[in-house]
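Enquirer: sequence plus predicted model, see below.
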Amino acid sequence: MEKLRIDKWLWAARFYKTRTLASDEVVKGRVEVNGQEVKPARDVKIGDTVSLRQGPVTRSVVVKGLSGTRGPAPVAQELYQETADSIAARERAAEQRRLSPEPAHSIEQGRPTKRGRRELDDAQRGWGDRWSASVDDVEKS
């Protein structure tokens, strides 16, 4: 086997759980082969460099083997070798995520208390069925 479809290789190398997911990611432009965006039917061969985005991380791997079937993880890891730059970037991103503040801590207010809810309800009753003040209402007054 000299060539294999990129979506099938990504699935066999266990980057994506299903071949459909792999194909969708390729269509969305999140996968590049040798620096070029590709289509799912693009053939990949040994020695090609594949760059793919998985969430916030971009991985760059060199194709070391081809397999049309999805096997166990240790076998799948033999199909590629991640570049040193990619490993360093992934580790930096992981460290940055670890040190970044928790987004939920920035929320100053949560749900209103019972008292706050009653105040909101009382304020809304004053408006009646109107959703905004209009010029027509001002002229009638």
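Expert: Structure's in. What do you need?

Enquirer: element containing Ser60, please.
Expert: Using DSSP states H and E, Ser60 sits within strand 57-63.

Enquirer: state the mean pLDDT of that strand.
Expert: Across strand 57-63, pLDDT averages out at 93.

Enquirer: quick one: name whatever helix or strand follows it.
Expert: helix 73-76.

Enquirer: by contact count, what packs against the strand holding Ser60?
Expert: The contact analysis (3 or more CB pairs under 8 Å, 6 or more residues apart in numbering; DSSP states H and E) places strand 57-63 against strand 49-54, strand 80-82, helix 84-99. Bear in mind the C-beta positions are built from the backbone N, C-alpha and C, glycine included.

Enquirer: quick check: angle from the longest one to strand 49-54?
Expert: To tie it back to what came earlier, the one meant is helix 84-99. Counting by axes from the mean of the first three to the mean of the last three CA atoms, to 10 degrees, helix 84-99 lies at 10 degrees to strand 49-54.

Enquirer: contacts for helix 84-99, please.
Expert: With contact meaning CB atoms under 8 Å, 6 or more residues apart in numbering, helix 84-99 is reached by 56-61.

Enquirer: over to the shortest one?
Expert: For strand 80-82, contacts defined as CB under 8 Å, 6+ apart pick out 13, 50, 59-65.

Enquirer: for stretch 80-96, buried residues please.
Expert: Residues of stretch 80-96 classed as buried: 80, 86, 90 (neighbour count, 16 or more other CB atoms under 10 Å).

Enquirer: distance of the one residue sitting closest to the centre of the chain from Gly35?
Expert: Central residue of the chain (CA atoms, centre = their mean): Gly55, 3.4 Å from the mean position. Distance of Gly55 to Gly35, computed by CB to CB, to the nearest Å: 21 Å.
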